[in-house]
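Chemist: turn this into a model:
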Amino acid sequence: QVQLVESGGRLVQARDSLRISCVASGSSLEHYAMAWFRQAPGKRREFVAAVRWNDGKIEYADSAKGRFAISRDIARNTVHLQMNFLRPEDTAVYYCAARDGEWLSTLVNDYILWGQGTQVTVSS
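Modeler: The predicted structure follows:
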């Protein structure tokens, strides 16, 4: 069973950059899709980005295109989310998620494994 642990969230200023990470342990990620979601207070959890472990194929939410970059470090079983030009509206708990299957789903319910989340706060 894959276990996910996020790290790197913190308080930053608007227009700053931040990289958050998710380390996966317990099983090989071969044939997995890994994703980042976020949830702001009072809002539904929303898709940010996903990467297919085998070939690195990537999918982004419209809100992330051009500012965020997802990447995978195969040797370290780690997924990163590089966030640039952060805005106050990016403030949320960011969750790492995994699904056993290579389809890059954007739907919360398609992911069965979740980390505990890491808080990113962007001040204006």
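Chemist: helices of this structure, start to end?
Modeler: Along the chain, counting by DSSP state H, no stretch forms helices.
Chemist: identify the residue spatially nearest to the residue nearest in space to the middle of it, adjacent ones excluded.
Modeler: The structure's the chain has its C-alpha centroid closest to residue 36; by C-alpha atoms, centre = their mean the separation is 2.2 Å. Residue nearest to residue 36 in three dimensions, not counting chain neighbours: residue 48, with 4.3 Å by C-beta to C-beta, 6 or more residues apart in numbering. (Glycine included, C-beta is placed from N, CA and C.)
Chemist: picking that back up, surely the residue nearest to the centre of the chain touches residue 82?
Modeler: No: Residue 36 lies out of contact with residue 82 (C-beta atoms under 8 Å); the separation is 10.7 Å.
Chemist: so what sits against both of those two?
Modeler: The contact sets of residue 36 and residue 82 overlap at residue 70 (C-beta atoms under 8 Å, 6 or more residues apart in numbering).
Chemist: measure the residue lying closest to residue 31 once chain neighbours are set aside to residue 20 for me?
Modeler: Of all residues not flanking residue 31 in the chain, residue 102 sits nearest, at 6.0 Å (C-beta to C-beta, 6+ apart). The gap separating residue 102 from residue 20 is 23 Å, by C-beta to C-beta, to the nearest Å.
Chemist: in stretch 61-77, which residues are buried?
Modeler: Neighbour-count burial for stretch 61-77 flags 61, 63, 64, 68, 69, 70, 72, 77 (criterion: 16 or more other C-beta atoms under 10 Å).
Chemist: nearest to residue 29, of the residues you listed?
Modeler: Comparing the buried residues of stretch 61-77 against residue 29 with C-beta to C-beta places residue 77 closest, at 6.2 Å.
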